[in-house]
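In: Mind folding the following:
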Amino acid sequence: MRTMSRLGTLLRRLHQDERGVAMVEYMEILVLVTLGAAVAMAPLGALLMRYYDNVEFLTGLPFP
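Out: I've put the predicted structure just below:
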């Protein structure tokens, strides 16, 4: 029974503690921005690969 009392006290104390809330919010924002950038980079990467292939082809052409 004493363990349940300690557990209840611990849970009550943790529920009232707000020290890490700002850090969690900043991490959530960081994750959302990172995921958004990754999603935006996928089409951009394909476009850059096409551009690179064209430049590679043009530099391989013999000049008269």
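
In: So for the strand or helix carrying residue 13, mean pLDDT?
Out: Assigned by DSSP states H and E, residue 13 falls within helix 2-16. For helix 2-16, mean pLDDT rounds to 83.

In: repeat for stretch 28-45
Out: Across stretch 28-45, the average pLDDT comes to 93.

In: so where's the longest helix in this structure?
Out: Longest helix of the chain, by residue count under DSSP state H: helix 21-60.

In: Mind listing what's buried along that helix?
Out: Across helix 21-60, burial judged by 16 or more other C-beta atoms under 10 Å covers no residue at all. Quick note: C-beta positions are derived from backbone N, CA and C, even for glycine.

In: Same question for stretch 2-19.
Out: Result for stretch 2-19 [16+ other C-beta under 10 Å]: no buried residues.

In: for residue 18, helix, strand, or coil?
Out: What DSSP: H, G, I helix; E, B strand; the rest coil gives for residue 18 is coil.

In: Quick check: it vs residue 24, distance?
Out: Using C-beta to C-beta, to the nearest Å, we find residue 18 at a distance of 10 Å from residue 24.

In: Next: residue 7.
Out: From residue 7 to residue 24 the distance is 23 Å (C-beta to C-beta).

In: now residue 45
Out: In this view, residue 45 and residue 24 are 31 Å apart by C-beta to C-beta.

In: before we move on, what about residue 48?
Out: Using C-beta to C-beta, residue 48 is found at 35 Å from residue 24.

In: just residue 61 next, same as before
Out: 56 Å.

In: before we move on, what about residue 14?
Out: Separation of residue 14 from residue 24 (C-beta to C-beta): 14 Å.

In: Likewise for residue 44?
Out: For residue 44, the distance to residue 24 equals 30 Å [C-beta to C-beta].
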